[in-house]
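> What follows is a predicted structure for the sequence shown.
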Amino acid sequence: MKQLFSGLKIEVNKNLYVKDPESSALGKKIVENSIILIDKIGFENFTFKKLGFEIGSNESSIYRYFENKHKLLLYLTSWYWTWKEYQLVFATSNIEDTEKVLETAINVLTRRIKRDNLTSHIDEIILNKVVVNEFSKSYLTKKVAKEYKESFFEIYNRLILRLKKMILAVNSDYPYAAALASTVLEGGLHQHFLREHFPSLTECNENLSPAQYFNNLVLSTLKHTKNGQKN
């Protein structure tokens, strides 16, 4: 995976930042430490002032890269989903069996994260924890409709549509493909959250992964359902 991603640059919507953080050492430091600090204290308690203290820089220097912490969270989550999309494309590119493609895709989108060293300044394991705990805060806002129209969630939307296409390749008559695909993406985060914080509310644990659960859910549903009716 590391060789496949060598030289690859994650592209994020330019409207999410004032200055590309990948363009300078300070920008990369801001991204790296924001992930660590949000994971440590939570997004509600996170401020640019606290981040500035962590990186030994003025708060104003962070505003040269991001308009506010909401845009920073959107940047981090967009980076994460773009990284996931690259993994998905590489993992499924040489598979012809449609069920195997779908199973592989679900595994990629819901599995436990391992560090792949795509970028030295981003710890994907910690970023995954931030996404699990904080992603919903990026869209549960009054501005979400406007931000959706401005393509702030384009990559998340594109991932769901990719998965929808894979679902329909297995069962072209299934009428709820988009709903099922979005359930997998959002549910994957939720199951990891439950496993960590509310273990009694899920069967997912060290022996049963969210990937196993969603593969069972999706493939069983497609196998036994056609046109919204059980066979």
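The structure has been received and is ready for your questions.
> Which residue, other than its chain neighbours, is closest to the spatially most central residue of the chain?
In the chain, the centroid-proximal residue (C-alpha atoms, centre = their mean) is residue 81; its distance is 3.8 Å. Spatial nearest neighbour of residue 81, chain neighbours left out: residue 155 (4.5 Å); criterion: C-beta to C-beta, 6 or more residues apart in numbering. Placement of C-beta: from N, CA and C, glycine included.
> The one you found: helix or strand, and which one exactly?
Secondary structure assigned from DSSP states H and E places residue 155 in helix 154-170.
> Secondary structure element holding the residue nearest to the centre of the chain?
helix 69-92.
> Contact partners for the residue nearest to residue 81?
Counting by C-beta atoms under 8 Å, 6 or more residues apart in numbering, residue 155 makes contact with 13, 78, 81-82, 85.
> switch to 6 Å and redo it
Neighbouring residues of residue 155 by C-beta atoms under 6 Å, 6 or more residues apart in numbering: 78, 81-82.
> Check residue 180 too.
residue 167.
> picking up where we left off before, nearest to residue 137, of the contacts of residue 155?
residue 78 (14.0 Å; C-beta to C-beta).
> if I look at the closest one, how far off is residue 145?
18 Å (C-beta to C-beta, to the nearest Å).
> Residue 115 now?
Distance, residue 115 to residue 145, using C-beta to C-beta: 36 Å.
> who touches whichever strand or helix holds residue 52?
Following DSSP H and E, one finds residue 52 within helix 48-55. The contact list for helix 48-55, computed with C-beta under 6 Å, 6+ apart, reads 29, 33-34, 37, 58-59, 62.
> Would you mind listing the buried residues in it?
48, 51-52, 55 (16 or more other C-beta atoms under 10 Å).
> and the next element down the chain from that helix?
Next in sequence after helix 48-55, counting helices and strands by DSSP H and E, comes helix 59-63.
> Need the contact partners of that following helix.
30, 48-49, 51-52.
> Put the alpha carbons of it into CSV.
Taking C-alpha atoms only, helix 59-63 is exported to CSV below (Å, rounded to 0.1, in the frame of the first residue of the first chain):
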residue,chain,number,x,y,z
GLU,A,59,-3.1,32.1,17.0
SER,A,60,-3.2,34.5,14.1
SER,A,61,-0.8,32.3,12.1
ILE,A,62,-3.4,29.5,12.1
TYR,A,63,-6.1,31.8,10.7
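> what about the helix holding residue 52, distance to the chain center?
25 Å (C-alpha atoms, centre = their mean, to the nearest Å).
> pLDDT of that helix, averaged?
Mean per-residue pLDDT for helix 48-55: 98.
> which residues of the chain score low on pLDDT?
Per-residue confidence for the chain (pLDDT under 70) gives these ranges: 1-8, 117-119, 226-231.
> mind redoing it with 50?
1-2, 4-6, 227, 230-231 (pLDDT under 50).
> ranges for the strands of it?
Ranges of strands in the chain, per DSSP state E, are 225-226, 229-230.
> which of the residues in stretch 21-39 are buried?
So, applying 16+ other C-beta under 10 Å, buried residues of stretch 21-39: 21-22, 26-35, 37-39.
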